[in-house]
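S.K.: how does the following fold in three dimensions:
(one chain, ligands or ions: 1)
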Amino acid sequence: MKLVMATWNKTKLKQMEQAFRQIPLKVTSLAKRIEDIEETALTFKGNALLKVEAATQYYGNDIIIGEDSGLSIDALGGFPGVRTARFSPGNDGDRAQQLVERLSGVPLSKRSAKFTSAVAIAFPDGAHQYSQGVMGGWIAKKAPATISGYGDIFLLSDGKVLSEHDPALISAYDHRQVALFQAKQYILEWLEGKSL
Ligand SMILES: O=c1[nH]c(=O)c2ncn([C@@H]3O[C@H](COP(=O)(O)OP(=O)(O)OP(=O)(O)O)[C@@H](O)[C@H]3O)c2[nH]1
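M.R.: Below is the predicted model:
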């Protein structure tokens with residue numbers, strides 16, 4: 001039995017491998033076997049499940065994990081949410097720039113936002129588990145001259161944007177790390193329950 005990471009994103013894959021390093025199973029990614037899927041669900045959890053389901057026909061005897069994440073801005077009714085990675089052409093930096101422009105004139109008190117990460121797990125016996133992590137913050141009024149991603153516009157309560165923080169120090173509060181930590185407990189407990 002293997003741990004199959006249902007992701008096509010290399011950074012995410014590394015984070016998942018790291019988060020699950022204590023689990024005594026070989027980790028593999030389905031990226032090479034199946035093409036990236038269309039993320040058509042209306043929720044992060046729904047998209048995480050779609051990623052997992054894309055893998056079940058090839059990896060029915062393994063534990064499959066999928067993750068979906070994004071940024072939700074209160075003043076924009078939760079936008080971009082599940083569409084964070086693709087609400088307009090270009091890269092995350094271009095999209096983050098657009099969000100800052102859309103919030104022009106909005107005071108900091110009304111710029112609250114959150115990152116959400118949802119993880120879905122499919123076990124070989126057909127059981128599923130889900131976990132979620134959330135990190136709250138604000139969309140900064142002053143963005144750097146060059147915005148390379150959402151981390152450059154996401155302000156934390158210490159007055160610094162996410163990308164100004166040491167990832168190792170912020171990791172305990174990171175939405176994805178929180179969701180993956182809970183997922184790890186589910187997997188370890190499932191293995192224990194099966195005496196594996
Ligand atoms: O700067 C950031 N710091 C973060 O902490 C963070 N967490 C999520 N995101 C963004 O949210 C979308 C995820 O999209 P997503 O889950 O569909 O991933 P993906 O399509 O790359 O991979 P996958 O679907 O193959 O797994 C992408 O735009 C990510 O940049 C972040 N950006």
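S.K.: let me see the ranges of the strands in the chain.
M.R.: Ranges of strands in the chain, per DSSP state E, are 2-5, 26-29, 63-73, 112-122, 128-139, 154-155.
S.K.: for the residue nearest the centre of the chain, name its beta-bridge partners.
M.R.: Centroid-nearest residue in the chain, with C-alpha atoms, centre = their mean: residue 69, separated by 3.2 Å. For residue 69, the beta-bridge partners under DSSP bridges are residue 117.
S.K.: that one against residue 84, yeah?
M.R.: Yes - Residue 69 lies in contact with residue 84 (C-beta atoms under 8 Å); the separation is 7.4 Å. For the C-beta atoms, the positions are set from N, CA and C on the backbone; glycine is no exception.
S.K.: now residue 84: how far from the ligand?
M.R.: 4 Å (C-beta to the nearest ligand atom, to the nearest Å).
S.K.: now do the residue lying closest to residue 83 once chain neighbours are set aside against residue 117, distance only.
M.R.: Nearest non-adjacent residue to residue 83, counting by C-beta to C-beta, 6 or more residues apart in numbering: residue 70, 7.3 Å away. Going from residue 70 to residue 117 by C-beta to C-beta, to the nearest Å gives 9 Å.
S.K.: before we move on, what about residue 95?
M.R.: 18 Å.
S.K.: and residue 69, how far from the ligand?
M.R.: Distance, residue 69 to the ligand, using C-beta to the nearest ligand atom: 4 Å.
S.K.: now do residue 189
M.R.: Computed as C-beta to the nearest ligand atom, the residue 189 to the ligand distance reads 24 Å.
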